[in-house]
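A.B. asks: got a predicted model here, sequence first, then my questions.
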Amino acid sequence: MTLIAIDGPAGAGKTTLAAKMMTELALYNSINLIHMDDLYSGWSNPLNEDLSLTLSRIVEAFASQKEFTVSIFNWSTNAFDSSLTFEPSEILIIEGVGAGQKTVRDAGAILYWLDVEPEIGLARVLNRDGFDIQTQMRQWQVDQDEHFERDATRTFANHILTS
C-alpha cells in the first residue's frame, strides 16, 4: 500500500500532478484520489481541526484497508450536501492545500511539495475558477501560508517541485 500526499500553495499544479500520477499508477494498481477541495468547509477557517480529523479518519481507513465515506463540500451551496465512498485500494493520493499535514505524514505518506510564486498561483486559480473569488483567494493565501508555517509542511517533503 502506498499513500501519496501532494501539497503546496493554491495554483501550484497539485491537481494536474495528481491526475498524471493517477493515470500512470492506475495501469497496474487499484487507486483512489481525494481532492482536498471536496473536504474544506468553505472559505472561512478551512484548514481547521475538523479537516485534520477527517484526514486522520481517511488515512486510518486506508491503512486498515476498509471502505470509507467522506462528505463532499458544495461550493455553490456552501454546505456539505453529498458524499463519496471509497473502496480499499493499493494506492491513495490526497492532493490539495493541507494534504501533507502531520496526520498524513505520520501515516507514512510520500509527500510531494509543489512551489509557485504567490501571484502566479493566484492568477492560475482566478483563470480557472473565476475572478469573482479574488477577495476570498487573497485571504486563502494568507490562511494557507499560516497553515504551512505551523505545520512546517514543506520541510518534511520527500520531493520538492517548482512550477
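C.D. replies: Thanks, I have the structure now.
A.B. asks: what is the rounded mean pLDDT of the longest helix seen in the chain?
C.D. replies: The single longest helix within the chain, with elements called by DSSP state H, is helix 134-151. Taken as a whole, helix 134-151 has an average pLDDT of 96.
A.B. asks: I'd like to know which elements the following helix or strand past that helix is packed against.
C.D. replies: Downstream of helix 134-151, the next assigned helix or strand under DSSP states H and E is strand 159-162. With contacts taken as 3 or more Cβ pairs under 8 Å, 6 or more residues apart in numbering; DSSP states H and E, strand 159-162 sits against strand 110-115. (C-beta placed from N, C-alpha, C; glycine too.)
A.B. asks: show me what the strand it packs on is packed against.
C.D. replies: strand 2-7, helix 14-25, strand 159-162.
A.B. asks: would JSON lines of those with mean pLDDT be doable?
C.D. replies: Listed next are those as JSON lines, based on pLDDT from 0 to 100:
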{"stretch": "strand 2-7", "mean pLDDT": "98"}
{"stretch": "helix 14-25", "mean pLDDT": "96"}
{"stretch": "strand 159-162", "mean pLDDT": "95"}
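A.B. asks: redo these as CSV? Include mean neighbour count and distance to residue 97.
C.D. replies: Formatted as CSV, the helices and strands packed on strand 110-115 follow (neighbours: other Cβ atoms under 10 Å; distance: least, Cβ to Cβ, whole Å):
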stretch, mean neighbour count, distance to residue 97
strand 2-7, 25, 7
helix 14-25, 16, 8
strand 159-162, 12, 15
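A.B. asks: so which of those gets nearest residue 101?
C.D. replies: Smallest distance to residue 101 across these (Cβ to Cβ): 7.7 Å, for strand 2-7.
A.B. asks: out of the helices and strands packed on strand 110-115, the one nearest residue 103 is which?
C.D. replies: Nearest to residue 103, of these and by Cβ to Cβ, is strand 2-7 at 10.2 Å.
A.B. asks: which residues does that closest one contact?
C.D. replies: For strand 2-7, contacts defined as Cβ atoms under 8 Å, 6 or more residues apart in numbering pick out 14, 17-18, 21, 59, 62-63, 90-101, 104-105, 107-114, 153, 157.
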